[in-house]
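Novice: sequence-free structure coming up:
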Ligand SMILES: Cc1cn([C@H]2C[C@H](O)[C@@H](COP(=O)(O)OP(=O)(O)O[C@H]3O[C@H](CO)[C@@H](O)[C@H](O)[C@H]3O)O2)c(=O)[nH]c1=O
């Protein structure tokens, strides 16, 4: 059988590795090339379960390396690119924005431009063998900025990124958009809310709470803990990405959110309550919750209106926050204990 080669960038990271596993479990006619730089956030063991499959190849490399990208396109004649690779941690972007601009902005441009050169003769002239070839850009709801107490982000919400991270993702979204409008390239973008679930890097809120709780350390909650995020179980996100990748309209963007708005203090209390039940000790884990200095420019609230992907493509999240967080806490207990 002739396999379709697709390029997945950042596949050793949290969402990318969950997506690769999801795709390979559901498809037999795809060969995935996973290009990942293996920064501190990439973990090859995330891919243990599929690393020996013959329809999977790992390449260590940087999306900013134009020669490498060119060589990969020549070797594999990719039929699609699904682009996860990014510097993703907001706190790091506040301390050191350079890498975010380099990887998220320049790296995305590099990939996109190589894909265009490989798939198209010129503006609006796609090579016959690449009529279906698609560039799927994975992005974030943070590009829309911060909400007050009410309202939801829709695909029409104007961009208003507040952190160097979200500004770099917003820039990359605009570059991708421009390749549709200028060159007629087949691109789609998905903007997701906060993901959680297995394989997330230790630095993010939910793994931090679980790890610090189990280690008997203070659980750091920024500011007053009232900031709100819309939590999306990572496998629901993967299903949404797969739908958009296969059925999304070229040039369109789709929001993917969990419809699970929770404030950070609620998240910490919920996790502590689960741990009190399944991993009890002499006092409640809640006593470890500790309020610390707020994040600079901390966005107050993110919340997504996912009706476009639900109505147009039939996507629906399978997990609600209660089912998802229970699975997640159990997964990290196995990892940390
Ligand atoms: C790490 C940490 C975070 N926080 C707060 C800050 C945020 O309000 C909330 C979640 O923080 P983080 O886990 O860093 O995630 P956040 O800044 O929302 O961004 C995430 O979600 C975004 C999607 O909304 C993604 O685009 C980002 O790549 C991803 O990192 O918890 C704490 O209160 N204490 C902590 O120790």
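Specialist: Received, thanks. Since the model is a prediction, treat every value here as computed from it, not as a measurement. Residues are numbered from 1 along each chain as shown.
Novice: Please list the residues of the stretch 201-337 of the chain that sit near the ligand.
Specialist: 204-205, 208, 220-222, 227, 229, 264, 295, 302 (C-beta under 6 Å from any ligand atom). C-betas here are computed from N, CA, C, even on glycine.
Novice: Quick one: these as a markdown table, columns for neighbour count too.
Specialist: Output for those, formatted as a markdown table (neighbours: other C-beta atoms under 10 Å):
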| residue | neighbour count |
| --- | --- |
| 204 | 18 |
| 205 | 21 |
| 208 | 18 |
| 220 | 16 |
| 221 | 23 |
| 222 | 15 |
| 227 | 20 |
| 229 | 23 |
| 264 | 19 |
| 295 | 14 |
| 302 | 22 |
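Novice: Among those, which ones are in strands?
Specialist: 220-222, 229 (DSSP state E).
Novice: Among these, which pair sits farthest apart?
Specialist: 220 and 229 (15.7 Å; C-beta to C-beta).
Novice: Determine which two of the residues of the stretch 201-337 of the chain next to the ligand are furthest apart.
Specialist: Top of the distance list for these (C-beta to C-beta): 220 and 302, 19.9 Å.
Novice: Is it possible to get JSON lines of the ones in strands among the residues of the stretch 201-337 of the chain next to the ligand that adds pLDDT?
Specialist: Formatted as JSON lines, those follow (pLDDT from 0 to 100):
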{"residue": "220", "pLDDT": "99"}
{"residue": "221", "pLDDT": "99"}
{"residue": "222", "pLDDT": "99"}
{"residue": "229", "pLDDT": "98"}
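Novice: so can I have a markdown table of those residues showing distance to residue 278?
Specialist: Output for those, formatted as a markdown table (distance: C-beta to C-beta, whole Å):
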| residue | distance to residue 278 |
| --- | --- |
| 220 | 23 |
| 221 | 22 |
| 222 | 26 |
| 229 | 24 |
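Novice: Which one of those residues is nearest to residue 152?
Specialist: Of these, the one sitting nearest to residue 152 (C-beta to C-beta) turns out to be residue 229, at 13.3 Å.
Novice: residues contacting that closest one?
Specialist: 193-194, 205, 261-262, 264, 301-302 (C-beta atoms under 8 Å, 6 or more residues apart in numbering).
Novice: One more pass at 6 Å, please.
Specialist: For residue 229, the contact set (C-beta atoms under 6 Å, 6 or more residues apart in numbering) comprises 194, 302.
Novice: does it have beta-bridge partners, and which?
Specialist: residue 262 (DSSP bridges).
Novice: And it, how far from residue 282?
Specialist: 32 Å (C-beta to C-beta, to the nearest Å).
Novice: ditto for residue 98
Specialist: For residue 98, the distance to residue 282 - C-beta to C-beta - is 46 Å.
Novice: Settle it for me: which of those two has more neighbours?
Specialist: residue 98 (10 against 4; other C-beta atoms under 10 Å).
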